[in-house]
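Q: Pasted the sequence and its predicted model underneath.
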Amino acid sequence: MNNRMQTIRVGLFFVLGLALLWVTFEALNGGRVFRPKGYPLVARFSNLKGLNEGDDILMAGVRIGSVAKTRLVNGRAEAELRVDPAIQIANDSVAVVAQSSLLGTNHLEVTVGSLDAPRLAAGAEIKTRDSVDMNEVIAKLGSLGDRLEQVATEIGKNLGGGANGNLFARIDKLVTDNGPKLTETIGNLQAITAKIRDGDGTIGRLVNDPKLHDELLASIGEIKGAAADVRGFVANAQSIVDQVKSGKGALGALVSDEQAGSNLRTAMKNFRDISDKLNSGQGTLGRLISDDSLFRDAQGTLSKVNRAVDSMSDQGPITAVGVAANSLF
């Protein structure tokens, strides 16, 4: 009886061992006992960034194969891929090395590509794109940290001291040295604002007196009207100038007509000659202007005429003619 129970226990243990081996095998082979080999593709990179044989090939998050082999060819890293025969990859798909986890494991990510694009044949080369290397990113972050530390050091020197002294100390000294002036300036500003508030001065009246404001607006309106009149005058003057330039009117004729200008110059010359003769006493009119003896003779003659008239008024009409003749001759 004991031997029989022992045999049953050994058989159960053996069955459990086989079951455990089967589960382990299934887990390692993706749930299939006899996996198809798949068709090969080639992917070339400048750096595989830790991609190893056996790493998964994913498309849209689904495993479609694995990396069969990695090698170095002519200075470039080359990975041989094994893709599931049921998966056809478009020729515009791109393979890139991606990070699977923060622990450093990688996989090969393949884009879906166009649905109507031709499919890659076995042994063809798939397009690749270099990915960002986390080591390079960490190195750049370290360099950035060093620069930030330098900037922080400089800021600390400027704020806390150094060759140029404490920035806050300089600001404090500047405020201390100019404190009385600032206080005086603030007091003056307060006095000015108080006067404006109370209506003192021109600005204060402008701010507080609406009548003055209206008068100012009226003055501005008058200035605008005067400016409009000036513009009209300038326009009229420009019109006159244009007419003169075009030879219209008497002034335009004088300006543009050579004959009229010549006649005017001749007339002015004659007038100047006449004035010269009058000033020198030439001619009858010149003598009348310059010689006062003619004025005295005329004055004497008028006196004689007055006496003759007086004599005729005293004597009779008969002797009037004789009296006048005697008076004159």
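A: In hand now; what should we look at? Numbering: from 1, shown residues only.
Q: Arg44 reaches Glu125, doesn't it?
A: Yes: using Cβ atoms under 8 Å, Arg44 is in contact with Glu125, at 6.8 Å. No exception for glycine: its C-beta is placed from N, CA and C like everyone else's.
Q: Could you list the low-pLDDT ranges of the stretch 1-150 of the chain?
A: 1-2, 25-36, 102-104, 133-137 (pLDDT under 70).
Q: For Thr185, see how far away Thr193 is.
A: With distances taken as Cβ to Cβ, to the nearest Å, Thr193 is found 13 Å from Thr185.
Q: go on, Leu217?
A: In terms of Cβ to Cβ, Leu217 sits 34 Å off from Thr185.
Q: What of Ile8?
A: In terms of Cβ to Cβ, Ile8 sits 108 Å off from Thr185.
Q: how about the strands of the chain, start to end?
A: Per DSSP state E, the chain carries strands over the ranges 39-45, 56-59, 62-73, 76-83, 94-99, 106-110, 127-128.
Q: Does anything pack onto the fourth one? Which helices or strands?
A: Of the remaining helices and strands, those touching strand 76-83 by 3 or more Cβ pairs under 8 Å, 6 or more residues apart in numbering; DSSP states H and E are strand 39-45, strand 56-59, strand 62-73.
Q: By residue count, which helix of this structure is the longest?
A: For the chain, the helix that runs over the most residues, judged by DSSP state H, is helix 210-245.
Q: What's the mean pLDDT across it?
A: The pLDDT scores in helix 210-245 average 76.
Q: which strands and helices sit next to it?
A: Judged by 3+ Cβ pairs under 8 Å, 6+ apart, the packing partners of helix 210-245 are helix 201-208, helix 249-256.
Q: let's go with 6 Å and repeat that
A: When contacts are defined as 3 or more Cβ pairs under 6 Å, 6 or more residues apart in numbering; DSSP states H and E, helix 210-245 sits against helix 249-256.
Q: Quick check: Gly50 vs Ser262, distance?
A: For Gly50, the distance to Ser262 - Cβ to Cβ - is 109 Å.
Q: ok, these two, which is more surrounded?
A: Gly50 (14 against 10; other Cβ atoms under 10 Å).
Q: quick one: that one and Asn106 touch, right?
A: Yes: if you go by Cβ atoms under 6 Å, Gly50 and Asn106 touch, sitting 5.2 Å apart.
Q: can you tell me the distance between the two ends of stretch 48-55?
A: One end of stretch 48-55 sits 12 Å from the other (Cα to Cα, to the nearest Å).
Q: Which parts of that stretch count as buried, going by neighbours?
A: 48-49, 51, 55 (16 or more other Cβ atoms under 10 Å).
Q: Next: stretch 55-65.
A: Those would be 55-59, 64-65, for stretch 55-65 by 16+ other Cβ under 10 Å.
Q: got it, and stretch 99-113?
A: Within stretch 99-113, the residues that qualify as buried are 99, 106-111, 113, counting by 16+ other Cβ under 10 Å.
Q: and of the residues you listed, the nearest to Val132?
A: Gln99 (9.2 Å; Cβ to Cβ).
Q: what's near enough to touch the closest one?
A: Asn106 (Cβ atoms under 6 Å, 6 or more residues apart in numbering).
Q: Name the residues linked to it by a beta bridge.
A: Taking DSSP bridges as the rule, Gln99 bridges to Asn106.
Q: how close does it get to Val175?
A: 56 Å.
Q: Equivalent analysis for Lys304, please.
A: Going from Lys304 to Val175 by Cβ to Cβ gives 110 Å.
Q: Compare the two (neighbour count), which wins?
A: Set Lys304 next to Val175 and count neighbours by other Cβ under 10 Å: Lys304 wins out with 13 against 10.
Q: On the pLDDT front, check that one for me.
A: pLDDT at Lys304 comes out at 70.
Q: sorry, back to before: which among the helices and strands packed on strand 76-83 is found nearest to Leu148?
A: Using Cβ to Cβ, the nearest of these to Leu148 is strand 39-45, at 32.8 Å.
Q: Quick one: list the elements packing against the closest one.
A: Packing partners of strand 39-45 (3+ Cβ pairs under 6 Å, 6+ apart): strand 76-83.
Q: Listing partners with orientation, what would you give for the strand it packs on?
A: strand 39-45 (antiparallel), strand 62-73 (antiparallel).
Q: winner for burial among these?
A: strand 39-45 (a mean of 19; mean count of other Cβ atoms under 10 Å).
Q: tell me the angle that one makes with strand 106-110.
A: Strand 39-45 and strand 106-110 are oriented at 110 degrees to each other (axes from the mean of the first three to the mean of the last three Cα atoms, to 10 degrees).
Q: how far off strand 94-99 does strand 39-45 point, in degrees?
A: 70 degrees.
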